[in-house]
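Visitor: based on what follows, work out the 3D shape:
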Amino acid sequence: MDKKAIQILLKTIKTSQNESLRDWFYWDSYMQYITKDDFEYAKDHFVMYEQENISHDEICRRIKTAVAKIEKQEVVNAFLFSLSTRQLEYRSFLSSYCIARSLAEHRFTASPEPNERICAICGLHTYEFEEPIEFNTINYFKYKDGPCFDNLIQVLFDVEQFSKLPAVTPNENDFRILSDLKIIMEAAEPNDRISQLKKKISKMIKSNDEERLGLLEIFGVIGILHDDEYFGYADEYATYPERKHRPIRNDDVGYPARWWEGKFGIDNEKWKYWFGKNGYKN
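Guide: Next up, the predicted model:
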């Protein structure tokens with residue numbers, strides 16, 4: 001991707017954050033800090049985007065249309081490529097692909113709890129799509145931290161964005177890092193949770209805390225890190241009521257990795273499904 005366009009995006013959003021911690025992520029807030037020419041340049045290079053009016057049902061339709069055009073090996077390659085290069089914009093495609101593939105196209109279905117403005121199937125709230133949707137803050141975090149997305153608006157952005165980035169191929173360093181990560185996850189202490197695992201992998205991969213969290217959450221989404229009740233999205237879509245939170249005050253780890261403990265190890269069947277045919281020797 002074009003480095004100038006990326007810097008325009010990062011500078012625009014960061015400036016907005018510095019000016020207003022409360023509402024920096026709103027379109028009207030961050031668009032104050034970018035010129036028309038810069039915005040057009042970033043758009044031309046598929047780094048920034050106009051707002052779009054998209055209904056809940058259209059979000060689902062577009063996700064299924066886009067994911068049908070993506071090959072599993074392509075997103076696996078993108079994920080692996082991000083490990084050594086630290087090109088974080090490639091990382092979340094794997095989890096988004098997994099969610100998009102398992103998602104059933106559906107109409108908005110009002111949830112009885114906590115309120116009827118939430119879709120009981122996917123968890124989208126009406127406020128998320130009743131106004132124009134902006135994708136620029138999503139892309140900002142992709143370049144900044146490579147996070148794991150499970151919100152369908154973020155998943156839509158990923159699966160539609162994927163074809164716009166150059167195809168990539170992982171190298172030996174990527175496979176070495178993957179192997180090291182597997183060893184560390186398998187050797188976790190029985191009571192370890194994601195917070196301990198983040199620390200243990202810090203010496204194996206160049207990263208900050210948010211990057212490591214996103215990486216482990218991706219392993220959860222694709223079915224590798226889970227407990228014996230909450231399994232992620234690899235086999236079937238986890239609906240909004242199924243994505244339960246742990247009964248603690250600050251449960252800030254994504255589903256299902258939030259439920260993982262070291263005693264559960266890794267799911268070797270899912271590991272082989274995603275990585276076993278990618279040149280990695282189990």
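Visitor: mind listing residues that contact the strand or helix carrying residue 29?
Guide: Using DSSP states H and E, residue 29 falls within helix 27-30. The contact list for helix 27-30 (Cβ atoms under 8 Å, 6 or more residues apart in numbering) reads 12-13, 15-16, 19-20, 23-24, 51, 132, 134, 136-137. Just so you know, the C-beta spots here come from the backbone N, C-alpha and C atoms, and that holds for glycine as well.
Visitor: out of those, which are buried?
Guide: Buried by 16 or more other Cβ atoms under 10 Å: 12-13, 16, 24, 134, 136-137, out of the contacts of helix 27-30.
Visitor: so which of those belong to helices?
Guide: Mapping those onto helices (DSSP state H) picks out 12-13, 16, 136-137.
Visitor: just send the residues you listed back as a markdown table, with distance to residue 217 too.
Guide: What follows is these, written out as a markdown table (distance: Cβ to Cβ, whole Å):
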| residue | distance to residue 217 |
| --- | --- |
| 12 | 26 |
| 13 | 22 |
| 16 | 25 |
| 136 | 22 |
| 137 | 18 |
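Visitor: for those residues, which one is nearest residue 206?
Guide: Of all these, residue 206 sits closest to residue 13, with 22.7 Å by Cβ to Cβ.
Visitor: verify the contact between that closest one and residue 137 for me.
Guide: Yes. Counting by Cβ atoms under 8 Å, residue 137 is a contact partner of residue 13 at 6.3 Å.
Visitor: so what sits against both of these two?
Guide: With Cβ under 8 Å, 6+ apart, residue 13 and residue 137 have common neighbours 25, 30.
Visitor: break the chain into its domains for me.
Guide: 3-44, 56-134+141-164, 172-275 (automatic domain parsing).
Visitor: tell me the average confidence for the second one?
Guide: Model confidence over domain 56-134+141-164 averages 97 on the pLDDT scale.
Visitor: from the chain's centroid, how far away is it?
Guide: On the basis of Cα atoms, centre = their mean, to the nearest Å, domain 56-134+141-164 sits 7 Å off its chain's mean C-alpha point.
Visitor: also stretch 239-252?
Guide: Worked out by Cα atoms, centre = their mean, stretch 239-252 lies 17 Å from the chain centre.
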